[in-house]
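> curious how this folds, go ahead:
(2 chains)
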Amino acid sequence: MGAVVALSSLLDARQVWRGRAAPIPAGDQPTGWPELDAVLPSGGWPDASLSEVLSASDGTGELRLVLPTVKRLTGGKRPVVLIAPPYAPCVAGWRQAGVHMGRVQIVRTVEKDALWAAEQCLRSGSCTAVLLWPHHADDRALRRLQVAADTGKALGIVFRDRQHVGHASPAALRLEVEPTPGQVWVRKCRGGAVPSHAIPFPALAH
Amino acid sequence: MLWACILLPHLALDGVLRRRPTEGPLVLVSGPANARTIVSANPAAREAGLRVGQKLAAAQALLAQFEAVPYDQAAVDRWHRFLAAVAYRYSGEVSLLPHAIVLEVSKSMGLFGPWPRFERLLRADLTALGFAHRITAAPTPHAAYVLAGVGDGQAVLDDQTLRGALRTVPIQRARLPERASEVLPSMGVRTLGQLMALPRDGLRRRFGAELLATMDRLSGALPSGLDTYRPPDVFDLKIELTHEVENVASLIFPLRRMTGDLAAYLAGRDGGVQRFVLHLEHREHRVTDVVVGLLSPERDAGMLFELARGRLEPVQLTEPVLGMRLVARDLPAFVPGGTDLFDERPANALPFEQLRERLRARLGDDAVYQLGSTTDPRPERAQSPEGLTEGPEEVHPRPTWLLERPIPLRGPAPMILTGPERLETGWWDGAEVCRDYYVVQTSLGQQAWAFCPPDEQSGWMIQGWFA
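Okay, the predicted model is just below:
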């Protein structure tokens, strides 16, 4: 064995990476779902960052997860922008969720311009939240959006298919919605350990 | 009263250099084809020995390579009026004099600050637009004009100092009637001071009333008698390109200049522009029009350029472009957006209106919209971009996604969660519907808003998703 090296000298020489935890992203953006907020390190959506919502198919609760947030944000002055939504938002239904439709701007675009439009909106600083439904968003494109969200201090939420769950993503938070039984999995959350259990997400009671 | 005079010594040359920036020697020539003479020369040409008044043939003997551009009086007049429109921003009383613009500034100084700062603003504007200038100030417009002919930057703020300042002006520079400025020096009268000391009766007998009137206008004893300039209600700027352009990218530089000029004009008029047209001119008077429409009046130079560029870049040129013209007829009043002290947005945020224009410029006019509700109960017609964004809340369950047209539900029969809600309406316009709506859950766990014919519970059609 070689000479004994004092641990403190190694640490002082900064040759050892100590794996310090990344700082917890600041956030005062509750999701509106108290059980989910309780397990997320920032107490809700990470502010000025990109989040991902993954779902298996349309109509499985992915909008229900974000509508309380949209309701809260449309109470302010800045608009919430929807970019390339897969269907038309039903005004009556959104209004029932408490959303003020006068603050919701919809951008109709072809696929290749959707990411550009999202980046512009996030970067501009004039939108509180940008909700995006991309078809082909790779890691690079999402990273650009993440940087834009940080620049414009906006909340970016990307809706993607569940098949992307295995792919790496630069999003600060990834949530997966499962319709049966109604629950939400946290797949990634920056600044904290991923909870090992799903969070119950009750189906809509009519 | 205080008048500022902006003398534009190289107006014709600056107008030409704006559209063809060049480092090499360039001269403006005029006169009959066999005896062209130089009327203006840029510094590089002057350094090479070319002089104003020289014959073109003599110049060609001196220097092998230089550009000679015909002098265009119409273009000079256009630039002159354009700069008057820019100066109109600073004063409501603007007049045109040969190669100069005079404006009354004493009333504007409360807004723009005292003279030194005012002068700096004027100079910054003219320098940004690329025009050489001399600026002076005096209590009368003609005195300011005369002082500008003598030197740059002189400011005479009251009548007492005006006499002293005018006294040393040489007779040839005093802009007197032609005969007087020829004859007076040979009489031994070389400066304005000597002229003003002469008895008026004698001057009237020798030179007529015209000389005395000119002198009185200088001192302010007579009103200036100038016509005030009114900016036109239409902005129309045309530039001819130096060569045929086949690529839109080469139009971007002139476009930046044109939108900058438009912004300067709008600032002078305190207005905005809502819609303008770029005419790309081809051979034989064929024209490609590029229309730039905005949702609200704007006048920021950078924004106008970006929007025009967004509209211009997708254009496919079918033939070369010879000239470009920017016409703005729709010039409504401009209301600057209010800014809130307690604004929650980040400091460098772009106003949403600008963001919306940027998106529209690239994605199309109707790409950004809002949805509101109408009074029609039929789901297909219950909402539209023209609808009201405020409205009463629907008591029956409504989905969050609405399908553009209903699709049939395939697979096993769904589980009914609530319903039915019958919609029977539209008999008056031929699109009658009679449906029972249910909230159902599909075998995949999706919640859907579906309908079927009355009292059947089969043949399900999905109208929306409770996503």
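> where along chain A do the helices fall?
In chain A, the helices defined using DSSP state H lie at A:7-12, A:34-39, A:62-73, A:91-96, A:111-124, A:139-152.
> now the weakest link among the ones you listed, please, by mean pLDDT.
The stretch with the lowest mean pLDDT among the helices of chain A is helix A:7-12, at a mean of 77.
> buried ones in that one?
Within helix A:7-12, no residue counts as buried by 16 or more other Cβ atoms under 10 Å in any protein chain shown. For the C-beta atoms, the positions are set from N, CA and C on the backbone; glycine is no exception.
> if we can go back for a sec, closest to B:Val27 out of the helices of chain A?
Between B:Val27 and those, the shortest separation by Cβ to Cβ is 46.9 Å, and it involves helix A:111-124.
> and that closest one, anywhere near chain B?
Yes - using Cβ under 8 Å from any Cβ of the partner chain, helix A:111-124 reaches chain B at A:Asp113, A:Trp116, A:Ala117, A:Gln120, A:Cys121, A:Ser124.
> surely B:Arg81 is within a helix?
Yes - counting by DSSP: H, G, I helix; E, B strand; the rest coil, one finds B:Arg81 located in a helix.
> re the thing from before, turn the residues of helix A:111-124 next to chain B into JSON lines, columns for neighbour count.
Shown next, in JSON lines, are the residues of helix A:111-124 next to chain B (neighbours: other Cβ atoms under 10 Å in any protein chain shown):
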{"residue": "A:Asp113", "neighbour count": "19"}
{"residue": "A:Trp116", "neighbour count": "16"}
{"residue": "A:Ala117", "neighbour count": "25"}
{"residue": "A:Gln120", "neighbour count": "22"}
{"residue": "A:Cys121", "neighbour count": "35"}
{"residue": "A:Ser124", "neighbour count": "27"}
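> which one of those is nearest chain B?
A:Ser124 (4.1 Å; Cβ to the nearest Cβ).
> how much space between the closest one and A:Ala117?
As for A:Ser124, its distance to A:Ala117 is 11 Å (criterion: Cβ to Cβ, to the nearest Å).
> just B:Gly208 next, same as before
Counting by Cβ to Cβ, the gap from B:Gly208 to A:Ala117 is 73 Å.
> B:Ala328 now?
27 Å.
> before we move on, what about B:Glu298?
Taking Cβ to Cβ, one finds B:Glu298 at 20 Å from A:Ala117.
> check B:Ala57 too.
61 Å.
> kindly report the same for B:Pro98.
On the measure of Cβ to Cβ, B:Pro98 and A:Ala117 end up 53 Å apart.
> hmm, back to that, closest to B:Arg204 out of the helices of chain A?
helix A:111-124 (70.4 Å).
> tell me what that closest one is packed against?
Judged by 3 or more Cβ pairs under 8 Å, 6 or more residues apart in numbering or on different chains; DSSP states H and E, the packing partners of helix A:111-124 are strand A:80-83, strand A:129-132, helix A:139-152, helix B:352-363.
> which other helices and strands contact the second one?
Strand A:129-132 sits against helix A:62-73, strand A:80-83, helix A:111-124, strand A:155-161, with contacts defined as 3+ Cβ pairs under 8 Å, 6+ apart.
> now do the SS call for B:Val146.
Using three-state DSSP, the secondary structure recorded for B:Val146 is helix.
> residues contacting it?
The contact partners of B:Val146, taken as Cβ atoms under 8 Å, 6 or more residues apart in numbering or on different chains, are B:Leu166, B:Val169, B:Arg173, B:Ala174, B:Arg175, B:Leu218.
> what's the domain layout of chain B?
Taking automatic domain parsing as the criterion, chain B consists of the domains B:3-24+B:66-219, B:235-330, B:394-465.
> quick check: mean pLDDT of the longest one?
Going back to what we said before, that points to domain B:3-24+B:66-219. The average pLDDT within domain B:3-24+B:66-219 is 88.
> out of the helices of chain A, flag the one nearest B:Arg410.
Nearest to B:Arg410 among those is helix A:62-73 (21.6 Å), distances taken as Cβ to Cβ.
> number of nearby residues for residue 105?
I'll assume chain A. Counted with other Cβ atoms under 10 Å in any protein chain shown, residues neighbouring A:Gln105 total 21.
> you looked at the wrong chain, it should be chain B
Neighbours around B:Val105, by other Cβ under 10 Å: 22.
> state the distance from it to chain A.
In this view, B:Val105 and chain A are 38 Å apart by Cβ to the nearest Cβ, to the nearest Å.
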